[in-house]
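>>> this is the structure alone, sequence omitted:
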């Protein structure tokens with residue numbers, strides 16, 4: 001190790017890098033060695049991976065103390081059986097905490113390959129941005145990492161990483177840093193194939209024996225031959241005469257998407273508002289929503305007369321425009337701005353609310369929806385949304401253990 005004394009306009013700083021087998025007392029020993037000198041701690045980073053410790057410390061010091069500090073740290077390294085490297089210079093001591101305009105790039109994968117990380121880092125560099133920090137937020141059932149970057153705009157980075165997400169098979173979200181990332185939010189979800197794994201209208205079609213007819217109408221709507229209201233009317237007409245009891249039968253057949261309960265419970269525990277809007281039917285899903293403690297929801301309603309379905313709906317049809325209206329209405333009820341909303345959906349009927357939300361997330365969605373959304377989750381776990389919000393898996397599990 002060598003000491004280089006270089007005059008300059010910046011304060012004199014020392015960068016200390018300690019690495020080795022982790023054991024109790026290493027951090028204490030390092031800072032005890034430094035406590036003998038008139039130094040100021042400017043930054044600290046420490047991580048343990050597979051029992052290997054990496055500890056970095058940035059200090060400011062009197063240049064005349066550099067040699068003595070280095071000598072004491074050499075003795076400390078020998079006694080601890082670790083490696084300590086030191087670099088002294090006149091340099092700008094600005095830490096990441098002092099930087100503004102930081103962006104958080106979250107990458108999700110199962111698995112997450114080295115090539116994907118290399119591609120993400122390459123695109124960030126191509127935009128003239130710098131990676132300030134990388135850390136893991138989840139390791140199972142998917143891997144999630146956050147890159148904290150500086151030197152670029154959200155739009156530039158988001159555009160650069162959009163194609164890469166498809167090519168590398170990873171889900172990527174880009175969000176601004178700062179306090180607003182942790183502010184109270186409204187999270188609005190679609191139901192069919194999002195909150196639950198099934199499509200309720202298909203379950204009803206099976207009860208009526210009209211699966212083929214319903215599928216053909218759905219495909220016509222996807223081709224643009226019918227709008228949602230027309231397709232809903234045509235499909236519900238096929239249910240005319242079904243006994244009301246089929247609603248209870250269909251309720252028994254629906255199941256939550258993996259991670260849905262964890263997502264809802266975690267968001268509610270930390271003060272966010274969870275709401276639901278769906279082109280499905282309130283008679284089927286309302287008991288489930290009440291069980292989950294979801295107070296704000298909108299859905300279509302089946303008309304029932306004398307114990308049978310009439311083949312009509314009642315009230316306002318919940319189409320894509322109505323979903324965007326619900327987003328704004330629920331945001332007002334929750335007391336949050338539209339920029340603090342998150343919309344999650346999978347189909348064309350969700351496009352307007354995804355576009356209107358502060359963060360639009362396409363969940364296992366069709367290509368057109370993925371292209372329109374700010375971020376896409378193509379993993380089967382709905383609680384992956386938590387990682388996009390900066391909530392770590394360890395924090396979720398700690399919360400669950402406290403509730404146990």
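Good, I have the coordinates. Here the structure is a predicted model, which means the values were calculated and not measured. Numbering: from 1, shown residues only.
>>> so what's the nearest residue to residue 350 once chain neighbours are set aside up against?
Excluding the flanking residues, the one nearest residue 350 by CB to CB, 6 or more residues apart in numbering is residue 190, at 5.2 Å. C-beta: built from backbone N, CA, C; applies to glycine. By CB atoms under 8 Å, 6 or more residues apart in numbering, residue 190 lies in contact with 276-278, 323, 344-347, 349-350, 363.
>>> again with residue 154
103, 174-176.
>>> what does residue 292 give?
261, 264, 274.
>>> hmm, 7 Å instead?
residue 264 (CB atoms under 7 Å, 6 or more residues apart in numbering).
>>> how near is it to residue 195?
Using CB to CB, to the nearest Å, residue 292 is found at 9 Å from residue 195.
>>> rewinding a little: just the contacts of residue 190 now: which is nearest residue 389?
Nearest to residue 389 among the contacts of residue 190: residue 344, at 11.3 Å, using CB to CB.
>>> which outside residues touch the one helix or strand that closest one maps to?
Assessed by DSSP states H and E, residue 344 sits inside strand 341-345. With CB under 7 Å, 6+ apart as the test, strand 341-345 has contacts from 185-190, 194, 327, 331, 353-354, 357-361, 363, 369, 385.
>>> in space, what's closest to residue 142 - neighbours in sequence excluded?
Residue 142 sits nearest to residue 110 (CB to CB, 6+ apart), 4.2 Å away.
>>> show the average pLDDT along the strand holding residue 344.
With pLDDT averaged residue by residue, strand 341-345 scores 97.
>>> ok, that strand: who's next to it in the sheet?
As defined by DSSP bridges, the strand partners of strand 341-345 come to strand 186-189 (parallel), strand 359-363 (parallel).
>>> circling back: please convert the contacts of residue 190 to TSV, extending it with distance to residue 163 and neighbour count.
Formatted as TSV, the contacts of residue 190 follow (distance: CB to CB, whole Å; neighbours: other CB atoms under 10 Å):
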residue	distance to residue 163	neighbour count
276	32	28
277	30	27
278	31	27
323	28	25
344	22	28
345	22	31
346	21	21
347	23	20
349	26	24
350	22	32
363	20	28
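>>> contact partners for the residue nearest the centre of the chain?
Residue closest to the average C-alpha location in the chain (CA atoms, centre = their mean): residue 388, at 1.3 Å. Each residue near residue 388 by CB under 7 Å, 6+ apart is listed here: 106, 173, 361, 375.
>>> quick check: the residue lying closest to the first one once chain neighbours are set aside vs residue 122, distance?
Read that as residue 106. Nearest residue to residue 106, sequence neighbours excluded (CB to CB, 6+ apart): residue 173, at 4.6 Å. Note on residue 173: its distance to residue 122, by CB to CB, is 18 Å.
>>> cool, and residue 72?
Computed as CB to CB, the residue 72 to residue 122 distance reads 41 Å.
>>> which of the two has more residues huddled nearby?
Set residue 72 next to residue 122 and count neighbours by other CB atoms under 10 Å: residue 72 wins out with 16 against 12.
>>> the strands paired with strand 341-345: which one's closest to residue 222?
Proximity to residue 222 (CB to CB) singles out strand 359-363 among the strands paired with strand 341-345, at 16.0 Å.
>>> where do the strands of the stretch 151-300 of the chain begin and end?
With strands called from DSSP state E, counting those that start in this stretch, the stretch 151-300 of the chain shows them at 171-176, 186-189, 273-281, 296-305.
>>> would you format the ones you listed as TSV with distance to residue 43 included?
Shown next, in TSV, are the strands of the stretch 151-300 of the chain (distance: least, CB to CB, whole Å):
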stretch	distance to residue 43
strand 171-176	22
strand 186-189	34
strand 273-281	36
strand 296-305	43
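>>> deepest in the core, which of those is it.
strand 186-189 (a mean of 27; mean count of other CB atoms under 10 Å).
>>> from the chain's centroid, how far away is that strand?
Here strand 186-189 is found 13 Å from its chain centre; the criterion is CA atoms, centre = their mean, to the nearest Å.
>>> residues contacting that strand, please?
195, 267, 272-277, 326-327, 330-331, 334, 336, 340-344, 353.
>>> redo that, cut-off 8 Å
Outside of strand 186-189, the residues within contact range by CB under 8 Å, 6+ apart are 195, 267, 272-277, 326-327, 330-331, 334, 336, 340-345, 353, 357, 385.
>>> break the chain down into its domains, please.
As given by automatic domain parsing, the domain ranges for the chain are 12-96, 99-182, 186-403.
>>> pick the most deeply packed of those.
Taking mean count of other CB under 10 Å, domain 186-403 is the most buried of the domains of the chain, at a mean of 19.
>>> and residue 170, how far from residue 278?
29 Å.
>>> kindly apply the preceding question to residue 291 instead.
Separation of residue 291 from residue 278 (CB to CB): 16 Å.
>>> also residue 149?
Distance of residue 149 to residue 278, computed by CB to CB: 36 Å.
>>> same question, residue 73
In this view, residue 73 and residue 278 are 62 Å apart by CB to CB.
>>> just the element for residue 59, please.
Element membership for residue 59 (DSSP H and E) is strand 52-60.
>>> show me what the helix or strand following that strand is packed against.
Using DSSP H and E, the helix or strand that follows strand 52-60 in sequence is helix 66-80. Where contact means 3 or more CB pairs under 8 Å, 6 or more residues apart in numbering; DSSP states H and E, helix 66-80 is packed against strand 12-21, helix 26-34, strand 83-90.
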